[in-house]
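Trainee: Can you look at this prediction? I've put the sequence above it.
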Amino acid sequence: MPDFKLIRTFLATHHASFAERFAAFAAGEIAPRAAPAEDAVARREARAMVSLLGKGDWLRPVFELDLRACCLAREILGEVSPLADAVFALQGLGTTPLLLAGTPAQRERWLGPIAAGEVMTAFAMTEPGAGSDVAALSTSARRDGDGYVLEGGKTLISNAGIADLYTVFATTDPSRGAKGISCFLVPADTPGLRFARPQVLSSPHPLGEIAFDGCRLPADALLGEEGRGYGLGLATLDRLRPTVAAAACGMAGRALAEALAHVRRREQFGTPLAKFQLVQQKLARTATDLAAARLLTYRAAFEKDQGQERITAEAAMAKAFATEMAQRAVDDAIQLIGGQGVLADHPVDRLYRAVRALRIYEGTTEIQQLIIAGELLK
């Protein structure tokens, strides 16, 4: 449960009650579910979790563009279930472009089913040759009559193969580079869209490749204007990066709690581990870094919710610091717990496998540092 005393300056009055209710839901409905041990199980479990979130109306913060509530939700889910956190995150990533640029007809068609957990979304931007360099993507959308034809493929796409709706970025004018990228809404049953293969992570999470082979789209599949997809994608990532930091805080908080419980009960040489100064040093560093990460996270979300147009530097600082902090926190927890901490069924071992991806997706730590430096040098 988030420490409201630390971050209360950044929260509105309704956030505390939301977090209390959501934490109770997560503890009662999400935490008891067994962690999936393989990809096929993770895919079924992800669908079940999006249904749970939808039925409980827990996706509402995404649609209300309440970034602080989204951060609270991801911090709570990061603590109890990295898979549930990913499901919540992907509903946000796949939906935000629609919220920012969708037509009334597009919103009417999709937003209700997404909010109800009946439609699972995916954010299809990454390609084998376009990761951090988004402008290098090669998937194309050429005009054909009154519609478009998609050709190409995407890789490392969360929810690939189980999503009902893909938010796809493709170039409509390769000669214009980033200014030639557009965004499209592509239902999973569109002819020419193919789930190519799963990509299996060490921490079970639905990931994979999709391909477009003469995938024909109507004109109203275009989201926003032609050539504005790059900006729409960056605006989406800019908005949601603080929620990645929040998930990292949740994982670090769980790791710290597991470490504290262990060192209090475990004795070595006739003394509780908690009495050893080197143990205390690791605990103190984690607690201090976690507090700093949470302040950066909720500061960024607060600024966005208050109407700041871009939170480029604030979001980058929060994501870079929080995800690096979480990696250290989980590693230190394993070191304190010892042999039990590297067993596959131990919570901190599962965290160790889950936390690593946070330093890569939605912009690596190195890219965040370049963003921060760029803002400083403007």
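Mentor: Great, that's in hand.

Trainee: What pairs with the helix or strand of the chain with the lowest mean pLDDT, parallel or antiparallel?
Mentor: Sorting the helices and strands of the chain by mean pLDDT, DSSP states H and E puts strand 267-268 at the bottom, at a mean of 82. The partner list of strand 267-268 in its sheet, established with DSSP bridges, is strand 271-272 (antiparallel).

Trainee: where's the partner strand relative to the chain centroid, distance-wise?
Mentor: How far strand 271-272 lies from its chain's middle: 40 Å, per CA atoms, centre = their mean, to the nearest Å.

Trainee: Next secondary structure after that strand?
Mentor: Tracing the chain C-terminally past strand 271-272 and defining elements by DSSP states H and E, one meets helix 277-305 next.

Trainee: Give me the helices and strands touching that following helix, please.
Mentor: On a contact count with 3 or more CB pairs under 8 Å, 6 or more residues apart in numbering; DSSP states H and E, helix 277-305 meets helix 4-7, helix 67-80, helix 229-265, helix 312-337. Placement of C-beta: from N, CA and C, glycine included.

Trainee: Show residues contacting the least confident helix or strand of the chain.
Mentor: Applying CB atoms under 8 Å, 6 or more residues apart in numbering, the contact partners of strand 267-268 are 273, 276.

Trainee: how distant is that strand from the center of its chain?
Mentor: 39 Å.

Trainee: Please renumber the chain so that the first residue is 676 from this point on.
Mentor: With the count now opening at 676, the last piece we talked about shows up as strand 942-943.

Trainee: ok, back up a step: Serialize the helices and strands packed on helix 952-980 to TSV and add fields for mean neighbour count.
Mentor: Output for these, formatted as TSV (neighbours: other CB atoms under 10 Å):
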stretch	mean neighbour count
helix 679-682	14
helix 742-755	28
helix 904-940	24
helix 987-1012	24
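
Trainee: Which one of the ones you listed lies nearest to residue 694?
Mentor: helix 742-755 (4.5 Å; CB to CB).

Trainee: Can you name the next helix or strand after that closest one?
Mentor: Sequence-wise, the next helix or strand downstream of helix 742-755 (DSSP H and E) is helix 757-776.

Trainee: Which is the succeeding secondary structure element to that following helix?
Mentor: Later in the chain than helix 757-776, the nearest helix or strand by DSSP H and E is helix 779-790.

Trainee: roughly how far out does that following helix sit from the chain middle?
Mentor: With CA atoms, centre = their mean, you get 21 Å for helix 779-790.

Trainee: do stretch 731-743 as well
Mentor: The chain centroid and the centroid of stretch 731-743 are separated by 14 Å under CA atoms, centre = their mean.

Trainee: export it as PDB, just CAs?
Mentor: This file holds the C-alpha atoms of stretch 731-743, laid out as PDB (Å, rounded to 0.1, in the frame of the first residue of the first chain):
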ATOM      1  CA  GLY A 731     -14.600  -3.900 -11.200                       C
ATOM      2  CA  ASP A 732     -14.400  -0.600 -13.200                       C
ATOM      3  CA  TRP A 733     -10.700  -0.300 -12.100                       C
ATOM      4  CA  LEU A 734      -9.600   0.900 -15.500                       C
ATOM      5  CA  ARG A 735     -11.500   4.200 -15.000                       C
ATOM      6  CA  PRO A 736      -8.400   6.300 -14.200                       C
ATOM      7  CA  VAL A 737      -7.100   5.500 -17.700                       C
ATOM      8  CA  PHE A 738     -10.200   7.000 -19.300                       C
ATOM      9  CA  GLU A 739     -10.300   9.900 -17.000                       C
ATOM     10  CA  LEU A 740      -6.700  10.700 -17.800                       C
ATOM     11  CA  ASP A 741      -6.000  10.700 -14.000                       C
ATOM     12  CA  LEU A 742      -2.300  10.000 -14.100                       C
ATOM     13  CA  ARG A 743      -1.900   9.900 -10.300                       C
END
